[in-house]
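*Asks:* What follows is a predicted structure for the sequence shown.
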Amino acid sequence: MNRSVFIAGTDTGIGKTHAACTLLHALRVAGHTACGMKPVASGCVETPEGLRNDDALALQSAGSAVLPYSLINPVALRDPLSPHLAAAHDGVEISLLPMRQAFDQLAGRHHRVVVEGVGGWLVPLAPGLFAADIAKQWQLPVILVVGLRLGCLNHALLSARAIEADGCRLLGWIGNCIDPHMAALAENLMTLRELLPAPCLGVLPHGVAPAAAAAQLQAAVAALG
């Protein structure tokens, strides 16, 4: 049975890819075939093989098998901007169809597909289309990555409220220690555990590679069943 998941973030630059790659390693340790996917990526660079994005390449490397890049990242955009702006600069309009076709191929080959969003929950992709629509229309449970830094409480609570308001299931959240000097880290984690409407599925330490941090996400693996 395929049980895939959508990785949302409280903001851009808070470690969604790091958390997704760590979860992939944890799933593989638990005996699952698993792959990552970044349906939309802006800030891609031109290579002899075509446009490539560092986050998508990291997901590609963390999976159970080497897969075509076009399945991992079906919508690759050049400029490091909000996807709707990057797409306009590239002269394209983002739609869900090519992403869904790639997802279906991945889901047919793996027990788990870890689908990483872009930016925060409500980043616009095209007129009337948001990053949230990927999780909504594909009916994926959501794991929220909370970048642990000043301001994370507000960002996490607003994101959780938006996820649930959109009718998606918030499976849990992962704390990611992006600020190694964050004041009152333990107290902030306690507050998140008290106020977020879903369980903590792990806390990732600062500066530890995904393969080495996989043991921190055993609860996330269990939550996926």
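*Replies:* It's in.
*Asks:* surely Arg193 meets Cys200?
*Replies:* Yes - taking contacts as CB atoms under 8 Å, Arg193 lies within contact range of Cys200: 5.5 Å. For glycine as for every other residue, the C-beta is placed from the backbone atoms N, C-alpha and C.
*Asks:* Need the residue in the chain that's farthest from the chain's center.
*Replies:* In the chain, the residue that sits farthest from the middle, by CA atoms, centre = their mean, is Pro48; the gap is 26.8 Å.
*Asks:* related to what we said a few turns ago, for Arg193 and Cys200, indicate the residue with more neighbours.
*Replies:* Cys200 (16 against 12; other CB atoms under 10 Å).
*Asks:* show me what contacts that one?
*Replies:* Gly172, Trp173, Ile174, Gly175, Leu189, Leu192, Arg193, Ala219 (CB atoms under 8 Å, 6 or more residues apart in numbering).
*Asks:* Can you tell me what sits against the host helix or strand of Cys21?
*Replies:* Taking DSSP states H and E as the definition, Cys21 sits inside helix 16-29. Outside helix 16-29, the residues that touch it by CB under 8 Å, 6+ apart are 5, 7-9, 34-36, 38, 55, 58-59, 61-64, 111-112, 114, 116-117, 143, 145, 174, 176, 204, 210-211, 213-218, 220-221, 224.
*Asks:* what is the mean pLDDT for that helix?
*Replies:* Predicted confidence along helix 16-29 averages 98 (mean pLDDT).
*Asks:* Quick check: neighbours of the helix or strand following that helix in the sheet, parallel or antiparallel?
*Replies:* Sequence-wise, the next helix or strand downstream of helix 16-29 (DSSP H and E) is strand 34-37. Applying DSSP bridges to the sheet, strand 34-37 is found paired with strand 112-116 (parallel).
*Asks:* who touches the strand it pairs with?
*Replies:* 2-7, 16-17, 20, 23-24, 27, 32-39, 55, 59, 103, 106-107, 134-135, 138, 140, 224.
*Asks:* What strands line up against the helix or strand following it, and which way round?
*Replies:* Later in the chain than strand 112-116, the nearest helix or strand by DSSP H and E is strand 124-126. Here strand 124-126 is paired, per DSSP bridges, with strand 129-130 (antiparallel).
*Asks:* Keeping just the C-alphas, turn the helix holding Cys21 into PDB.
*Replies:* Output in PDB follows, covering the C-alpha atoms of helix 16-29 (Å, rounded to 0.1, in the frame of the first residue of the first chain):
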ATOM      1  CA  LYS A  16      11.700  21.300   4.400                       C
ATOM      2  CA  THR A  17      14.200  19.500   2.200                       C
ATOM      3  CA  HIS A  18      16.400  18.600   5.200                       C
ATOM      4  CA  ALA A  19      13.400  17.100   7.000                       C
ATOM      5  CA  ALA A  20      12.100  15.400   3.800                       C
ATOM      6  CA  CYS A  21      15.500  13.800   3.200                       C
ATOM      7  CA  THR A  22      15.800  12.700   6.800                       C
ATOM      8  CA  LEU A  23      12.300  11.200   6.600                       C
ATOM      9  CA  LEU A  24      13.300   9.300   3.500                       C
ATOM     10  CA  HIS A  25      16.300   7.800   5.200                       C
ATOM     11  CA  ALA A  26      14.200   6.900   8.200                       C
ATOM     12  CA  LEU A  27      11.600   5.200   5.900                       C
ATOM     13  CA  ARG A  28      14.300   3.200   4.200                       C
ATOM     14  CA  VAL A  29      15.800   2.100   7.500                       C
END
